[in-house]
Structures are given as structure tokens and as C-alpha cells.
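Colleague: Sequence first, then the predicted structure:
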Amino acid sequence: MASQDLALSPAAETSLPLTARLHTLVVTVDHKQLGLMYIGTALLFLVVSGGMAAVIRLQLAVPNNTLVSPQVFNRLFTMHGTAMVFLVGMPLIAGLMNYLVPLMIGARDMAFPRLNAFGYWMFLFGGLLLYLSYLAAPGLAGQGSAPDVGWFAYAPLTGRAFSRGHSTDYWILSLLVSSGGSIVSAINVITTIASLRCKGMTLMRMPLFVWMMLVVSGMIILALPPLSAAQIMLLLDRFLGARFFDTQAGGSAVLWQHFFWIFGHPEVYILMIPGFACASEIIPVFSRKPIFGYPAMVGATMMIGFISVGVWAHHMFAVGMTAVGNTFFAISTLLIAVPTGIKIFNWLGTMYGGQIRFELPMLFCLGFLFQFLLAGLTGVMLGVAPFDWQLTDSYFVVAHFHYVLVGSFLFTIFAAIYYWYPKASGRMLNTKLGLWHFWLFALGFHLTFDPQHLAGILGMPRRIYTYDAGRGWEIYNLISSIGVIFQAGGILCLVINLLWSLRHGEPAGDDPWDAWTLEWSTTSPPPAYNFETLPEVRSRRPLWDLKHPEDPDWKYE
């Protein structure tokens, strides 16, 4: 508590010299500051890795292009994919969890504040270590630079015989470090939710956001250790003569894929469930209705968390598994669509008959609903083994994957930024810039990824450096590359909006959206101690009860 008592108010912090403010950030254990540091760092990595994606699309815009060399291209798509998953997606959800969970459950801070800070610095040092590979990985022999093995780093192609130099070692070590930070953060979130809920907040009165972050934290603890184990095995192969993945010495070429995708497919839901969490808080507020089917949403989230750990090998239909294995993973892949569909129907049920306000957070949620439906449909298509055999490792899979992580996850993150930015900063974001952001990014997203489905059906393989003319892919790649310009314009609008509104945005007040959860009951931004008096709740919408004592929710729950 001593560190909390010494914490400065936001106004006092801004009056400090720059070095003092930086020192405050370095030593802070305040969950709100750490949450914003997670999100700010992730957005910086988003800009960097998005720039890499732009270069990839420029290289593929026309046939036989030579903008970058094949070696540089491989490094670009490896660093882009790795950074987007581990340095953008994971810290964004960690930042949301850190900032919002204690506020939503009426707590002063996370259960382990110092462990919370340790998790952030592990993530940051892991990310910096990955990008340090550009300078340090060549080593004395001058071989390699940044990692060039894809974000999946399939062994045995990552063994010393095929991956010379130290670029793969930097990939392994950086992810081991950042994964450690993610695991300790997940432990912290689970402990906080289990032990620090305010009086009256039973499990079935928690906001859906908190429920979903609880499930995600459990999934992180289950999914990341297999990846770390595989990376340690690969290090042993590379440096100590182990033969886990060396087929000539009795190892298995498919073993790495099993270990990686035991992490890799739950990872998709580790990223998406926090997106569901944001939508589940935003859609009811802007529909002016309670969430439809709260118990069903909780149950569907738990089902997704359970089933997701049993679908990993649907990425591996084409590697020679048995018919029984293919059948099991096809069934489990189709089965996970059921709880996911329940969520979509619940969101639609919440909006049905509501007084919908088309504010910026709601616009991004509507875009998410449309795009996630399409992502789910293509995911079900790829879950059918004969269909997957035809389109595996094609650009159809690239389009599906980006529909999930850009069209769905990133849109909900944008919605969350517009929704909770007033709480974190005390200022409203500019609506006109926000509309430019939405329409430019939505248009650019569809221009980029819609044509990739068609290119994949026509046979364009993923991870391709260039292609000959006359294959029928030219127009789709050109349109796809043009779309990046619009996406970049949308991101630029967001960055300008975030920085400009911090100083010049309209004052937000404590509750600009007339919301219902506890974070809106304190000041904007919240004080170091969060609440003057720890709240007591009697329903799932405590602020509704406070604002409408004549018709409180607790009468009906």
C-alpha cells in the first residue's frame, strides 16, 4: 500500500519534469499505469509491424517484383507475424486486463502489484530482444539477420543445418521471455478475480468482461507452456546435440507442429475472447438494454476455452495424420462454432428492439460482428478436411486468419479504445477523426483481404515471395496492396486522434456513455486508490441501480 499512497495524481504527474515522469513509469506498480504502458507499447509495435506488412504487400503488388530480396522478404513476414501475435495482440489484452479488471470488480489494485510490473517488463524486454536480432543476430560469421523462419518456425527447418547464425535463437529467447511475462500476468488476473471482488459481487454478478478475462487467463496458463517447451527442445537440438526434431536421428518432423499448434490454435481464442469481452460491454450500453442471455454467454465462453485446446491439429490435415485423427479434429473444429454462434445471437438479441446509438465504439462493434461472421464461416469451411486439403497453405488461409485477427480482434480493440479512452484520460476522442479512422480502415481491410480469398482458391500459395504473370493472381494482389494505403490512413487518423485529444479533447466527465459497470463510478482518470470507499453491489448493473432506485436490477435477478 505504501507505493499506492505515494502515487501522484495524473495532473501532478504532468507537471513533473520529463525525467521524473519517466522514472515514475519505470518504478510504478499501479495497475492503471501498467495497463496503459502495455497498450501504448503494443500500439507502437502495431505501427512497426504494420509497416512491415505494407512492404510485403508492395513486393506482391505486381508480378516478378524485385522491391526487396527473398531473404529480406522472409525476415519481414516472420517479424510481422511474430510481432502481431506476441507483441501486439498479447500485450493489448494484458493492458485491458490490467487496467479494467480491478476497476470492474471494485478492487484497489491487482493481487500482486510487483508481479504485475514484472510481467510488463518481461514483455518489453522480450520484444526489444526480438528486434535486436537485426543488429546482433549476424554475429561474427555474418550469417543471418532478423529471424526468417515464419512466426511458426517449423522444425527441423529451424535446426542448425538449415538455419545458420543466431537469428532463430533470438526468436526463441525473445518469445520465452515475453511468454513468461504473459503467464505471470495471467496468474495475477486469476488471483485478483478470485480474491479481491467487492462486497456483493458474486461470480454471476461479475461483468462479462471479467468473466471472459478469467477464462482467457486460464487458457494462457494452459497454452503457452507447450510452446515454451518446444522452444527449449529446439534450443537443445541447436546447441547440445539433442535430436527431438532430427528425422535422420530418430526425431520427428511433425512433433514441432503438434507442440506449436497446441499453443497456436488456443492462441486465436486467447486473442478473440477479449475482443468478445469488449463487445459484450459496449453493445449493451449503446443498445440501452442489458446483455441478452448472460448465463448463456458465460457458458459459451467456458465452452470455447475448453474446446479450443482440442482442435489444434485442424492446421495439420495435410501432414499425414490417420483418418481417425483427421475426423476427430474436423468434428472438434465444427463443434467450436456452436458456442461462438451463441455469442453472435446474444449480441444480436441485445441489439434487437434496443435504442441503438451509433457512437464510434458501437460502429466498430458492428463492423466486428459482420467481419467475424465471415471469419467464422471460412473457418468452418477450413475445418472440413477435404476442403482444407485443397486450400491449406494458400492465400485463402491468410485471408481467413486476418479476418479473425484484423477484421474481428483489431476492430474490437479499436472499439475499446474509443469507449474507455475517456475514462483513462478524462478527454473525449474527436468524432470526425474517429469516423475517418473507421471508414478508411474498414474500406482498406476489405480491399486487402477480400481478394486474397479468390487468389487462394486460384492456387496462390502463402509465404510466396513473387509470382509470374499469367497465373490469374495479378488483379487480386494489386487490389490487396492498394487496400494497405487506406488501412495506413485509418491508423494515422487514430494516432493523431489519440495524441491531439489528450490535450485538446472535450472533457469527458466521469460517465460520458451513461454506462452501468463500476469503472464509471469513479473519476476520469481514476485516482491511484481507484475508489474512495470500496463499492457494494447487488446486481450485474450497479450503476443502473444507483441511477434508477425506483427500478433496480436486483429486483429481477
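Modeller: That came in fine, so what should we check first?
Colleague: tell me what the helix or strand containing Leu478 is packed against?
Modeller: In this structure, Leu478 is located in helix 474-504 according to DSSP states H and E. Judged by 3 or more Cβ pairs under 8 Å, 6 or more residues apart in numbering; DSSP states H and E, the packing partners of helix 474-504 are helix 31-59, helix 411-425, helix 431-457. The way it works is simple: take the backbone N, C-alpha and C, and place the C-beta from them, glycine included.
Colleague: Return the set of buried residues in it.
Modeller: The neighbour-count check on helix 474-504 (16 or more other Cβ atoms under 10 Å) flags 474, 476-481, 483-484, 486-491, 493-494, 497-498, 501 as buried.
Colleague: circling back: how about JSON lines for the helices and strands packed on helix 474-504, with distance to Ala469 and mean neighbour count added?
Modeller: JSON lines is the format used below for the helices and strands packed on helix 474-504 (distance: least, Cβ to Cβ, whole Å; neighbours: other Cβ atoms under 10 Å):
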{"stretch": "helix 31-59", "distance to Ala469": "15", "mean neighbour count": "20"}
{"stretch": "helix 411-425", "distance to Ala469": "35", "mean neighbour count": "24"}
{"stretch": "helix 431-457", "distance to Ala469": "14", "mean neighbour count": "20"}
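Colleague: is it possible to export the ones you listed to CSV including mean pLDDT and distance to Gly341?
Modeller: Converted to CSV, the helices and strands packed on helix 474-504 look like this (pLDDT from 0 to 100; distance: least, Cβ to Cβ, whole Å):
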stretch, mean pLDDT, distance to Gly341
helix 31-59, 96, 29
helix 411-425, 97, 17
helix 431-457, 97, 21
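Colleague: Present those as a markdown table; the columns should include distance to Trp256.
Modeller: Below are the helices and strands packed on helix 474-504 laid out as a markdown table (distance: least, Cβ to Cβ, whole Å):
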| stretch | distance to Trp256 |
| --- | --- |
| helix 31-59 | 24 |
| helix 411-425 | 30 |
| helix 431-457 | 25 |
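Colleague: Can you check which of those helices gets nearest to Ser332?
Modeller: Nearest to Ser332 among those is helix 431-457; the distance by Cβ to Cβ comes to 23.6 Å.
Colleague: which helices and strands does the closest one pack with?
Modeller: Contacting helix 431-457 under the criterion 3+ Cβ pairs under 8 Å, 6+ apart are the following elements: helix 360-382, helix 395-404, helix 411-425, helix 474-504.
Colleague: show me the contacts for the residue nearest the centre of the chain.
Modeller: With distances taken as Cα atoms, centre = their mean, Gly89 lies nearest the centre of the chain, 2.8 Å away. Contacts were defined as Cβ atoms under 8 Å, 6 or more residues apart in numbering; by that measure Gly89 touches Ala42, Leu271, Leu405, Phe409.
Colleague: now with 7 Å?
Modeller: Neighbour list for Gly89: Leu271, Leu405, Phe409 [criterion: Cβ atoms under 7 Å, 6 or more residues apart in numbering].
Colleague: which residues touch the last one?
Modeller: Shown here is Phe409, whose contacts under the criterion Cβ under 7 Å, 6+ apart are Gly89, Leu271, Met272, Gly275.
Colleague: Is the last one in contact with Thr412, as I believe?
Modeller: Read that as Gly275. Yes: proximity of Gly275 to Thr412 meets the contact threshold set by Cβ atoms under 7 Å, at 3.5 Å.
Colleague: what touches both of those two?
Modeller: Counting by Cβ under 7 Å, 6+ apart, the contacts common to Gly275 and Thr412 are Phe368.
Colleague: Next, count neighbours for Ala61.
Modeller: The criterion is other Cβ atoms under 10 Å. On that basis, Ala61 has 17 neighbouring residues.
Colleague: how much space between the closest residue to it other than its chain neighbours and Leu60?
Modeller: The shortest distance from Ala61 to any residue that is not its chain neighbour, by Cβ to Cβ, 6 or more residues apart in numbering, is 3.8 Å, and that residue is Ser481. Counting by Cβ to Cβ, to the nearest Å, the separation of Ser481 from Leu60 is 7 Å.
Colleague: for Gly200, same thing?
Modeller: From Gly200 across to Leu60, the span is 56 Å (Cβ to Cβ).
Colleague: circling back: out of the helices and strands packed on helix 474-504, which is closest to Arg238?
Modeller: Set against Arg238 and scored by Cβ to Cβ, the helices and strands packed on helix 474-504 come closest in helix 31-59, at 25.4 Å.
Colleague: tell me which residues in the helix or strand just after the closest one are buried?
Modeller: The C-terminal neighbour of helix 31-59 among helices and strands, as given by DSSP H and E, is helix 70-82. Across helix 70-82, burial judged by 16+ other Cβ under 10 Å covers Phe73, Asn74, Arg75, Leu76, Phe77, Thr78, Met79, His80, Gly81, Thr82.
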